[in-house]
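**Q** sequence plus the predicted model coming up.
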Amino acid sequence: VTGLVPFHGFLCVHTNEEIWGLFPTGNATTPYRRQRRADKGTVARRSIVVTERGWMYYIRREGVYRWDGSSQPSRISGSIDGARYWSDLNKDRLQHSHAIAVPHKNQIWFFLPRGLTQTDMNSVMIWDELNEVWGGTFTDFSRNCSAYFDDLPHAGAYDSGFVFSHDNGTNDDGSAIESTFTTSATPPLSAADQVRFL
């Protein structure tokens, strides 16, 4: 078992290769029935996040997945695949990654080990659930746990014993982040006007 979380009226049980549901039966002899719900469970028990929109997010070696509880999970991290970001992660340490939902911003923060020999969670990639885009990356620190309280994301340091709030400033690694996107129409104003993409 790699993760447990209540989800849509059942207890969701993750393994590396499957997701099972435990459903209450109302019978004292066999209080739960087990049902296989989907393929591809999490590899990181603390990466499972359930949002107010009814989605479950979690990490696997090949990327970040989203699940609605009934259909098969889908990988949402295609835009950060390869050299853009995912190839730089230490996949052998992903089981120690963690994530939190930041509901006031419609975001999920994934704390990941960036660097092929990196053992600590030293990078944060942010999924904007409303606009379905990736943001970040926040770097230059290592965190071993995370939580959301007092309307702020917080994360704990590895060796200082402190918990830090992470909702102030715009610090990143100081370099441009490669991104790709496809547009399907001309700008909404005119070709002469500059407009902002989300």
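**A** Right, received. Where do you want to start?
**Q** low-confidence ranges, the chain, go.
**A** In the prediction, the chain carries residues with pLDDT under 70 at positions 159, 167-198.
**Q** go again using 50 as the cut-off
**A** Applying pLDDT under 50 to the predicted model, the residue ranges of the chain that meet it are 170-174, 177, 198.
**Q** middle-most residue in the chain, spatially?
**A** For the chain, the residue nearest the mean C-alpha position is F110 (4.4 Å; C-alpha atoms, centre = their mean).
**Q** how far away is that one from Q35?
**A** Counting by C-beta to C-beta, to the nearest Å, the separation of F110 from Q35 is 28 Å. Using the backbone N, CA and C atoms, a C-beta is placed for each residue, glycine as well.
**Q** also G21?
**A** Following C-beta to C-beta, the distance that separates G21 from Q35 is 5 Å.
**Q** also G135?
**A** G135 is 36 Å from Q35, where distance means C-beta to C-beta.
**Q** related to what we said a few turns ago, in three-state terms, label the residue nearest to the centre of the chain for me.
**A** strand (DSSP: H, G, I helix; E, B strand; the rest coil).
**Q** that one pairs with what?
**A** A99, M125 (DSSP bridges).
**Q** residue contacts, it?
**A** When contacts are counted by C-beta atoms under 8 Å, 6 or more residues apart in numbering, F110 is found next to 47, 59, 64, 97, 99, 124-127.
**Q** compare G135 and Q35 (neighbour count), which wins?
**A** Counted by other C-beta atoms under 10 Å, G135 and Q35 do not tie: G135 has more neighbours, with 18 against 10.
**Q** assumed the more buried one was part of a strand.
**A** Yes. The secondary structure assignment for G135 places it in a strand, going by three-state DSSP.
**Q** my read: L94 touches A44, true?
**A** Yes. Proximity of L94 to A44 meets the contact threshold set by C-beta atoms under 8 Å, at 5.5 Å.
**Q** pick out whichever of those two has more residues nearby.
**A** Between L94 and A44, counted using other C-beta under 10 Å, the more crowded position is A44 (23 against 18).
**Q** who are the neighbours in contact with that one?
**A** For A44, the set of contacting residues under the criterion of C-beta under 8 Å, 6+ apart consists of 2-3, 58-59, 94-98.
**Q** wait, a helix at R46?
**A** Yes. When three-state DSSP is applied, R46 is found to be in a helix.
**Q** show me what the residue lying closest to G41 once chain neighbours are set aside is bridged to.
**A** The spatially closest residue to G41, leaving aside those adjacent along the chain, is H14, at 3.5 Å (C-beta to C-beta, 6 or more residues apart in numbering). Counting by DSSP bridges, H14 is bridged to G3, I19.
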